Each structure stands twice: as structure tokens, then as C-alpha cells.
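Asker: A structural model of the following input is requested.
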Amino acid sequence: MPKSMEITYQRKGDYLFPNLMIENSPVSYGKYGMLRRQFLKENRRSWYQSMLLSGKLDSHLAEIDEKANERMEQMTEQMAQAENVTEKLKAENPMNWMAKMNSIRSRAEEIVLTELVYS
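Answerer: Below you'll find the model as predicted:
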């Protein structure tokens with residue numbers, strides 16, 4: 001058995017308890033990672049526990065967060081281009097530009113949440 005697979009035990013009274021340690025690596029994630037964590041915790045409990053105990057949860061959440069942010073940026077640019085929301089419009093009519101960009105961001109975020117976070 002490889003050394004990393006060996007389990008040591010600690011005696012407490014008449015019982016032996018395994019010395020289980022989860023490696024803590026400083027992984028940070030943002031909004032979408034936190035939303036994914038909450039979703040898994042509430043709806044996919046066994047999968048959440050499995051990932052947590054294996055130490056893979058934080059890296060999974062960071063990956064989801066990164067993919068979601070990239071997708072948001074990509075979709076926002078594509079939708080703005082398709083709807084002719086340009087810098088020229090921003091200079092001429094900032095309120096109209098802001099309204100259109102807010103609409104685009106809302107639609108893009110709904111797609112990202114459905115595809116990546118809540119799947």
C-alpha cells in the first residue's frame with residue numbers, strides 16, 4: 001500500500017479513531033463559486049460531502065467560478081455586438097446604453113447560472 005494511502009489511528013479509551021486530515025489549500029472563488037457551493041449543499045448533499053471530504057470541493061468551486069466569469073464576459077460581448085450596443089451609443093445616450101447593458105448582463109447571467117452553476 002502506498003504511504004499516502006496508509007491510515008493511522010489514535011486510541012481514545014477503548015476505541016480507535018482514524019487520523020483523517022483534509023489538505024487545506026488556499027483557493028478563492030467568487031460569486032458563482034459561492035452560488036455553486038450553496039446549490040450543492042442544498043440539492044446534492046452526498047456529492048457535496050464526497051467532494052468536501054476528498055478535498056476537491058474548493059478547486060471545483062474555483063473552476064466553476066472561473067468558467068462562469070469567462071462565459072459571462074464572452075456572452076456579454078457577443079450580445080452587445082449583436083444588439084449594436086457600442087461605445088458610440090454610450091457617448092450619445094448613456095442612459096439608453098446602461099439600460100441595454102443591464103438587460104444583456106441579466107440575460108447572460110441567467111444562462112450562465114442555468115448552464116454552469118445550477119446543473
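
Asker: could you check the pLDDT of the most centrally placed residue in the chain?
Answerer: Per C-alpha atoms, centre = their mean, the C-alpha nearest to the average position across the chain is that of residue 33, at 2.4 Å. pLDDT for residue 33: 96.

Asker: what of residue 28?
Answerer: If you check residue 28, the pLDDT there is 84.

Asker: from residue 94, how far off is it?
Answerer: Separation of residue 28 from residue 94 (C-beta to C-beta, to the nearest Å): 34 Å. The way it works is simple: take the backbone N, C-alpha and C, and place the C-beta from them, glycine included.

Asker: can you check the distance spanned by stretch 85-96, start to finish?
Answerer: One end of stretch 85-96 sits 9 Å from the other (C-alpha to C-alpha, to the nearest Å).

Asker: just give me how far it sits from the chain centre.
Answerer: How far stretch 85-96 lies from its chain's middle: 32 Å, per C-alpha atoms, centre = their mean, to the nearest Å.

Asker: also stretch 103-111?
Answerer: Stretch 103-111 sits 17 Å away from the centroid of its parent chain (C-alpha atoms, centre = their mean).

Asker: CA atoms of that stretch as PDB?
Answerer: These are the backbone C-alpha positions of stretch 103-111, laid out as PDB (Å, rounded to 0.1, in the frame of the first residue of the first chain):
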ATOM      1  CA  SER A 103     -30.600  43.800 -19.900                       C
ATOM      2  CA  ILE A 104     -27.800  42.000 -21.600                       C
ATOM      3  CA  ARG A 105     -26.000  41.200 -18.400                       C
ATOM      4  CA  SER A 106     -29.200  39.900 -16.800                       C
ATOM      5  CA  ARG A 107     -29.900  37.600 -19.700                       C
ATOM      6  CA  ALA A 108     -26.300  36.400 -19.900                       C
ATOM      7  CA  GLU A 109     -26.200  35.700 -16.100                       C
ATOM      8  CA  GLU A 110     -29.400  33.700 -16.300                       C
ATOM      9  CA  ILE A 111     -27.900  31.500 -19.000                       C
END
